[in-house]
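Asks: have a look; sequence and predicted model below, questions after that.
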Amino acid sequence: MLQSIEQKIGQTTPISREEARWLYTESELPTLSRLSTAVRNRYHSPHEATYLIMAIINYTNICVAGCDYCAFYRFPHEEGAYLKSFDEVVERVERLVSFGGTLVGFNGGFHPKLSLPYYAEFFRMIHKRFPELGFKDMTVAEFMFACKLSKLSYDEGAKVLKDAGTRWIPGGGAEVLDEDFRKRHSPGKYKVSDFFSAQKAILEAGLGSTATMVIGFDESLEERLSHLETLRKFQDDTGRKLPSFLCWTYKPYNTKLGGKEISTEEYLRWLAVSRIFLHNFKHIRTSVLTRNEDALLGLKYGADDFDLPLEDEVTEKAGAHISEDFDSLLASARKLGFHVKKRKPFEPTYGIWEKEFVESTFFEKKFPSTPPPKKL
Ligand code: SF4
């Protein structure tokens, strides 16, 4: 099996679901590092990685979806429920700016009273106040709910936001895109096919979006593989407009679902498999938010980019620890042999970026890889 996978990687042919399953369950860590680095090197310089400083600003925790893996939400009128004022949000953005941050991701919940025009006006005001920053205005999941509440189709909703200056609606809220998983843990959130319809409308409106995943709940390997498979097909069907795939890990504290955090090894194995399987994604991003310093090992398992997050109440409520010591995080990446460069927020991509693909590098060097870390 390994030989045929190596051959496919060498020929830049997509690997199959069966091969991804085999890689995850059977292959050695150094092999995963070597193969995922080979795919990474098609698109990126071998010893370079990029990052930016960002904050996920949670403007409300009011949500009616009731996902059992979430420690963040409050039902309306429940103790602790909040909706931040414009000035309170501005205060959080100013804090980010004081840390040299350049990207804000807004994330709330399924608020039963906030219509899409309300969001559009809020985003318009905040963009005007901070024209120098990049914004990811709401996740696909929140967009879907706000469109339904406002009785707008996804096409209409995307247009409303675009007219207000929104440029990105990232693919957050995806967790595991598998119908059985959704039924078990968040039946009120969305159906998988509906998620992709919304994301398609977002891309067709000329807005940018991204791909995300969260692992470490109780999802099966088959459910994880379905997520990657559906995503890879969607990416090809829509002209490869999603620039990046980011994999977080579930934080189980204070949630109804509970459970245990997955190990660093499990995370790195999955990151590597994702890099190899998602051959049609340019960037694979590793999660400092949920793995801290260990996330940087992901640069040796196919990732090429990461955020240095300043805040995100959603994961912090569930046990994430955010370090503001960015220098020591960057030093860890350097210690692994990477030249780290601060980048600007991505621009939305409007079409196939395959021309950036450097096939010859791969063939010339045949599985060029930096040595895997001695120990995790
Ligand atoms: S994960 Fe998001 S949609 Fe689900 S309950 Fe939490 S805030 Fe609501």
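Replies: Yep, that arrived.
Asks: how about stretch 182-191 and the ligand, touching?
Replies: Yes - using CB under 6 Å from any ligand atom, stretch 182-191 comes into contact with the ligand via 186, 189. Bear in mind the C-beta positions are built from the backbone N, C-alpha and C, glycine included.
Asks: can you give me the buried ones in that stretch?
Replies: For stretch 182-191, burial by neighbour count (16 or more other CB atoms under 10 Å) applies to 182, 184-186, 189-190.
Asks: contacting residues around K260?
Replies: By CB atoms under 8 Å, 6 or more residues apart in numbering, the contact set of K260 is P252.
Asks: would you map the strands across this protein?
Replies: Applying DSSP state E to the chain gives strands spanning 48-57, 103-106, 134-136, 211-215, 244-249, 283-286, 305-309, 339-342.
Asks: sheet partners, orientation included, of the third one?
Replies: Using DSSP bridges, the neighbouring strands of strand 134-136 in the sheet come out as strand 103-106 (parallel).
Asks: nearest to the ligand, out of the strands of the chain?
Replies: Closest approach to the ligand among the strands of the chain (CB to the nearest ligand atom): strand 211-215, 9.5 Å.
Asks: for the closest one, C-alpha coordinates in PDB please.
Replies: What follows is strand 211-215, C-alpha atoms only, in PDB (Å, rounded to 0.1, in the frame of the first residue of the first chain):
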ATOM      1  CA  ALA A 211     -12.400  25.000   5.100                       C
ATOM      2  CA  THR A 212     -12.200  23.900   8.700                       C
ATOM      3  CA  MET A 213     -12.600  20.800  10.800                       C
ATOM      4  CA  VAL A 214     -12.600  19.900  14.400                       C
ATOM      5  CA  ILE A 215     -11.500  16.400  15.600                       C
END
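Asks: partner strands of it and their direction?
Replies: Strand pairing for strand 211-215, using DSSP bridges, gives strand 244-249 (parallel).
Asks: the strand it pairs with to strand 305-309, inter-axis angle?
Replies: Interaxial angle, strand 244-249 versus strand 305-309 (axes from the mean of the first three to the mean of the last three CA atoms, to 10 degrees): 50 degrees.
Asks: before we move on, back to that, can you put the strands of the chain in TSV and add mean pLDDT?
Replies: Converted to TSV, these look like this (pLDDT from 0 to 100):
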stretch	mean pLDDT
strand 48-57	96
strand 103-106	97
strand 134-136	96
strand 211-215	98
strand 244-249	98
strand 283-286	97
strand 305-309	97
strand 339-342	96
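Asks: okay, these in CSV with mean neighbour count next?
Replies: Shown next, in CSV, are the strands of the chain (neighbours: other CB atoms under 10 Å):
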stretch, mean neighbour count
strand 48-57, 21
strand 103-106, 23
strand 134-136, 21
strand 211-215, 23
strand 244-249, 25
strand 283-286, 26
strand 305-309, 24
strand 339-342, 14
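Asks: of all those strands, which one is nearest R34?
Replies: The closest of the strands of the chain to R34 is strand 283-286. By CB to CB, the value is 15.5 Å.
Asks: who touches the closest one?
Replies: Outside strand 283-286, the residues that touch it by CB under 8 Å, 6+ apart are 40, 43, 243-247, 271, 274-275, 278, 295-296, 298-299, 302-307, 346.
Asks: swap the cut-off to 6 Å and go again
Replies: For strand 283-286, contacts defined as CB atoms under 6 Å, 6 or more residues apart in numbering pick out 243-246, 275, 295, 298, 302-306.
Asks: enumerate the residues of the stretch 101-250 of the chain near the ligand.
Replies: For the stretch 101-250 of the chain, the residues in contact with the ligand (CB under 6 Å from any ligand atom) are 109-110, 186, 189.
Asks: show me which pair in those is furthest apart.
Replies: Across those, no pair lies farther apart than G109 and S186, at 11.8 Å, counting by CB to CB.
Asks: re earlier: take the residues of the stretch 101-250 of the chain next to the ligand and keep only those in helices.
Replies: Among these, no residue falls in helices (DSSP state H).
Asks: closest to the ligand among those?
Replies: G109 (3.6 Å).
Asks: so the closest one sits against V64, correct?
Replies: No - using CB atoms under 6 Å, G109 makes no contact with V64, being 7.7 Å away.
Asks: looking at these two, which has the bigger crowd around it?
Replies: Using other CB atoms under 10 Å, the more surrounded residue of G109 and V64 is G109, with 27 against 13.
Asks: now do the contacts for the more buried one.
Replies: G109 neighbours (CB under 6 Å, 6+ apart): 62-63, 73.
Asks: change it to 7 Å
Replies: 60-63, 65, 73 (CB atoms under 7 Å, 6 or more residues apart in numbering).
Asks: can you narrow those to ones near the ligand?
Replies: Okay, of these touching the ligand (CB under 6 Å from any ligand atom), that's 63, 65, 73.
Asks: where in the protein is pLDDT low?
Replies: For the chain, the stretches with pLDDT under 70 are 349-376.
Asks: longest helix in it, please.
Replies: Counting by DSSP H, the longest helix found in the chain is helix 221-237.
Asks: buried stuff in it?
Replies: By 16+ other CB under 10 Å, the buried positions in helix 221-237 come out as 223-232, 234-235.
Asks: next one: stretch 77-94
Replies: Neighbour counts over stretch 77-94 (16+ other CB under 10 Å) mark 81, 84, 89-90, 92-93 as buried.
Asks: near the ligand at all, it?
Replies: No - using CB under 6 Å from any ligand atom, stretch 77-94 never reaches the ligand; the gap is at least 11.6 Å.
Asks: also stretch 318-333?
Replies: No - Stretch 318-333 does not reach the ligand (CB under 6 Å from any ligand atom); its nearest approach is 9.6 Å.
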